[in-house]
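Undergrad: take a look and give me a structure for this.
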Amino acid sequence: MKIVFMTKGTRMLPSSRTRAHLVADYLRTQGYDAESHQILTYPWWEFSTKRFSQFRTNWRLLGSVGKKDILYLHKATEQLDFMFLVLLRKWILRRGFIFDFDDAIFLPTWNRALKARLLVENATAVITGSHFLKEYAQKYNKNSHVISAPIDTVDTYLPAVERVDDPRIRIGWTGTAGHFENMKLLVKPLERLVADGYKMVFVQLGGGEKIHELMSLIKGLDNEYVADLPWDEPKEVVKHMQQFDIGVMPLQKTEFNRGKDGWKAKEYMGCGVATVLSDWGENPYIVTNDKTGLLVDTEEDWYQALKKLITDEGYRRHIGEAGRARMGVEFSYSAFMPKLLEFVGSPARS
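TA: Numbering: from 1, shown residues only. The predicted model follows:
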């Protein structure tokens, strides 16, 4: 019996990497037969030889998943041809599948909602990355559960062995260009801290030029922008995170953001970095305020939380250590795997 993960992206795409490719990698280290594949996306109006060739590839790939094997789909609603084959496989051959998603893939249009509902309704079980997504999924499939994406707290996400020699407080963030509106939440609090005379550098890992330009407009704030990183090699990215003094995760209060699973906060915390995050969506399930992280809401909250961490090194260290301890107990692979294997049917080790 094997577990076959099929997802929308390569290892370069954060959600595909963390919820499919790396999970398959870890399962193999534990003696399970697991593999992961990217399913290519084509717009519905495109007719080409490449698309037809991919259709045949998908047909063969699904055919290789035996009756006793486990088909595990991650965010496959954009792959229309593949969805069609999966649903035919379910309706005609009675072959089930696990459906996993960690974003609000049912928003904001009717066609997105229809595709999400089709996969949720027909899945043997649904695994979501947040409680908000679980609430949605349970409307159509009672066998829906929250399992947050795990981080490797043993070999990858570790506190820094050596720190860079930098007298400034290093406030760090990592993400994609889609977070531009979220990053606006940091501008005024950081402007106030600069005006107070605190020496800081904002470290941006990824996210694009537009976010870099936004943060560069804060006069007096030093900026480090690392544009190109080997995202498919987590240890290389972690080297930069380990040098953060404070990690931030701002989120605007939108319905889409309610579905976010708090991945970047878990990364910071795994490195023992004190983390400040918006009190929205899944974040309150990840941290306990003032114990394992700081949950904030208003501009004043952001300002006071950052100021406290900047001025009190002992408190900053305590929050970082407590956050890392929580990652080991609740969000490590050793905590994640028993939950996952329970829902997929506990396949035998090879």
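
Undergrad: which strand residues bridge the nearest residue to Q138 once chain neighbours are set aside?
TA: The shortest distance from Q138 to any residue that is not its chain neighbour, by Cβ to Cβ, 6 or more residues apart in numbering, is 4.8 Å, and that residue is S144. All C-beta spots, glycine's among them, are computed from the backbone N, C-alpha and C. In this structure, S144 has beta-bridge partners V126, where bridges are defined by DSSP bridges.

Undergrad: so S144 sits against V126, correct?
TA: Yes - S144 is within contact range of V126, at 4.0 Å (criterion: Cβ atoms under 8 Å).

Undergrad: intersection of neighbour lists for those two?
TA: Listed contacts common to S144 and V126 are 120, 137; contacts here mean Cβ atoms under 8 Å, 6 or more residues apart in numbering.

Undergrad: ok so, going back, quick one: residues contacting the residue nearest to Q138.
TA: Applying Cβ under 8 Å, 6+ apart to S144 gives the contacts 120, 125-128, 134, 137-138.

Undergrad: what's the spacing between it and F343?
TA: Counting by Cβ to Cβ, to the nearest Å, the gap between S144 and F343 amounts to 10 Å.

Undergrad: got the residue ranges for the strands in the stretch 151-300 of the chain?
TA: When secondary structure is read from DSSP state E, counting those that start in this stretch, the stretch 151-300 of the chain shows strands at 169-175, 200-206, 222-226, 246-249, 274-278, 294-296.

Undergrad: pull the residues that contact the second one.
TA: Counting contacts by Cβ under 8 Å, 6+ apart, the residues outside strand 200-206 that touch it are 166, 168-176, 190, 193-194, 211-212, 215, 218, 221-227, 229, 231, 237, 240-241, 243-244, 310.

Undergrad: can you give me the end-to-end distance of stretch 174-181?
TA: With Cα to Cα, to the nearest Å applied, stretch 174-181 spans 14 Å between its terminal residues.

Undergrad: how far away is the residue nearest the centre of the chain from T18?
TA: A centroid search over the chain (Cα atoms, centre = their mean) returns W263, at 3.9 Å, as the residue closest to the centre. Distance from W263 to T18, counting by Cβ to Cβ: 6 Å.
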